[in-house]
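Undergrad: give me a model of this one.
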Amino acid sequence: MMETECRAIERRERANKQRAETKRQRELEARKAEAMNRLDQWANGGAIDRFSFGGYDLPIRLRIKGEELQTSRGAILPLAHAVKAFRTIKRLHDKGQAYQRNGHTIHLGHFAIDAVDGQGNVTAGCHNVTWEEIERVATLAGVN
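TA: This next block holds a predicted model:
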């Protein structure tokens, strides 16, 4: 085989690999978009099984169901605890202060907040919840 033929074959192989990778990326993006859609439906009260929107690569969403606050990762806590915690988190957010669990514990049912950063984002166990999501649900609860 001539050298130019070998280069042509290599170019075609690279192009085929690139097309396959592009196709794979598009399929991943489509699956993630569908999962985000189901997650949004769940967060807005839809009767969507929380396991239908996937795993840990999606943001954590919250919703109110009766007197409970539910997370998209399956944690359930009393809404009254969430309301009380929100007031503390809001004070920290408004002052731009961070909180690190150190003896004073902010309880959320059986759970506890581990940290709040200066922007109001909360870490509690395997949950990292954005200030925007916390504020959205607080508004729904009439606490904001």
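
Undergrad: list the contacts for the residue sitting nearest the centre point of the chain?
TA: By CA atoms, centre = their mean, the mean C-alpha position of the chain lies nearest to residue 59, the distance being 1.3 Å. Neighbouring residues of residue 59 by CB atoms under 8 Å, 6 or more residues apart in numbering: 39, 130, 133. C-betas here are computed from N, CA, C, even on glycine.

Undergrad: pLDDT score for it?
TA: In this model, residue 59 is scored at 90, pLDDT.

Undergrad: re the thing from before, using a markdown table, lay out the contacts of residue 59 together with distance to residue 77 and pLDDT.
TA: As requested, the contacts of residue 59 are arranged in a markdown table below (distance: CB to CB, whole Å; pLDDT from 0 to 100):
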| residue | distance to residue 77 | pLDDT |
| --- | --- | --- |
| 39 | 19 | 86 |
| 130 | 18 | 97 |
| 133 | 15 | 96 |
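
Undergrad: sec struct for the residue nearest to the centre of the chain, please.
TA: Recorded secondary structure, residue 59: coil (DSSP: H, G, I helix; E, B strand; the rest coil).
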